[in-house]
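# mind looking at a prediction? Sequence and model below.
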Amino acid sequence: MGDVALTLPVLQSLKQNYPEIEITLVTRPKFSTIFEQSGIEIFAADLDQYYSGLGGLQRLFKNLLRLKPDAIFDLHDNLRSRILGFMFRLLGVPVYVFQKGRQSKQKATGSDRLHHRDQLPHTTERYLKAFKRAGLEFKISSPPFIRFDETQKSILSELNLDQHNGFCLVGVAPFAAHKTKIWPLEKFKSLFRDFESNDKVRFLLFGGGKIEIEQLKQIEQVHPNTKCVAGIFSLKEELKLISCLEAMICVDSSNMHLASLCGVPVLSIWGGTHVLTGFGPLANSGNRIVEIGLDEVPCRPCSVYGKSICLRGDFACMEGIPAKKTGEALKEMLHLKN
């Protein structure tokens, strides 16, 4: 979801600078909610059903052709999008493909990584360059890109939470697709214990999937300053809830990007991946990053998107981050005294 979510700042900024341009985003139905407020038309393509396989690809091409596009921007650059791009080129439609920077990312995570520590362009900047090659010059505006007014934030009442109770609402999204990106749950529990004596902070636990929800509910039962909100809301409602937060604690995951889009300061915990590959949270002066230095664990980053195994066997890049370090960063974000 993260790479799709990061198209929003670019497309919304494009729309603001070129209001006369009609933009249609082709994406999976489940991602449509992210773009509801953007003024961008959505072509919801069910790639697992109606548009699956070669037959589905032909149907997708025919339906997109009915839109009579003046240009195609491929912001995915996978096999499906390349075939579609080839078909449109045959009809004389210009196609602009964003450059993933595969080679530079491989160097940053490869065996020679110690000699490739330069910050690579953020993914949004790579998207932006595709439009610049088409002569569309603009800058990406500042977050929030997803906004809700006060009446839409009534979702807090459904959780018996009130922003006027004097405590800060802090989101916690501890899960990711790959183990090298996950900070151990035991360390999150230590963090919650450290804040139990502080009545100014309440943690809302985000996640998805049966196992994750069960784990978060167990935490809720033990730590009174936490509340599990996983599995309760739709994506739209969850975005409303995220927009109410003072901060989001997360790992390198889609929740990090969703919080950034809502303009919420992010405290992100990094292990096997690294912001230097260009996939970090959107710029926000309130953001904080917690990690072990590259000199301390020189094998990181071991990948761009994360792995399920650790070549060292000890997941030192995550296991070595103490709860106290994350807690101190959170207190700094919330301007709380020790």
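Alright, I've got the coordinates.
# switch to C-alpha atoms for all contacts and neighbour counts from now on
Will do.
# wait, residue 321 touches residue 292, no?
Yes: with contact defined as Cα atoms under 8 Å, residue 321 counts as touching residue 292 (6.5 Å).
# and the next element down the chain from the strand or helix carrying residue 241?
Taking DSSP states H and E as the criterion, residue 241 maps to helix 235-243. Using DSSP H and E, the next helix or strand after helix 235-243 towards the C-terminus is strand 247-251.
# where does the prediction get shaky in the stretch 51-200 of the chain?
Applying pLDDT under 70 to the stretch 51-200 of the chain flags residues 115, 151-153, 162-165.
# quick one: the strands in it?
72-74, 95-97, 168-173 (DSSP state E, counting those that start in this stretch).
# can you list the domains in this structure?
Each domain of the chain is listed here as a residue range: 2-132, 166-334, per automatic domain parsing.
# how near is the residue minimising distance to the centre of the chain to residue 287?
In the chain, the C-alpha nearest the mean C-alpha coordinate belongs to residue 257, at 2.6 Å (Cα atoms, centre = their mean). Distance, residue 257 to residue 287, by Cα to Cα, to the nearest Å: 12 Å.
# for residue 23, same thing?
31 Å.
# swap in residue 9?
Residue 9 is 17 Å from residue 287, by Cα to Cα.
# before we move on, what about residue 329?
Separation of residue 329 from residue 287 (Cα to Cα) stands at 10 Å.
# residue 126 now?
22 Å.
# residue 9 and residue 287: which is more packed in?
A direct count of neighbours by other Cα atoms under 10 Å for residue 9 and residue 287 places residue 9 higher, at 24 against 19.
# and the average pLDDT for the helix or strand hosting that one is what?
Using DSSP H and E, residue 9 sits in helix 7-17. In this model, helix 7-17 has a mean pLDDT of 96.
# for it, what is the distance to the chain centroid?
17 Å (Cα atoms, centre = their mean, to the nearest Å).
# next, count neighbours for the nearest residue to residue 7 once chain neighbours are set aside.
Nearest residue to residue 7, sequence neighbours excluded (Cα to Cα, 6 or more residues apart in numbering): residue 124, at 6.7 Å. By other Cα under 10 Å, 20 other residues sit near residue 124.
# and what of residue 90?
Count around residue 90 with other Cα under 10 Å applied: 9.
# what does residue 93 give?
16.
# low-confidence stretches in the stretch 201-338 of the chain?
338.
# that one: strands as residue ranges?
Assigned by DSSP E, counting those that start in this stretch, the strands in the stretch 201-338 of the chain fall at 201-205, 226-228, 247-251, 266-270, 288-291.
# the closest residue to residue 52 other than its chain neighbours: what's it in contact with?
Computed as Cα to Cα, 6+ apart, the closest residue to residue 52 that is not its neighbour in sequence is residue 46, at 7.5 Å. Going by Cα atoms under 8 Å, 6 or more residues apart in numbering, residue 46 touches 28-29, 52.
# what strand or helix carries residue 46?
Here residue 46, judged by DSSP H and E, is contained in no helix and no strand.
# separation between it and residue 87?
Using Cα to Cα, one gets 20 Å for the distance from residue 46 to residue 87.
# swap in residue 181?
Taken as Cα to Cα, the span from residue 181 to residue 87 is 38 Å.
# alright, calling it a day.
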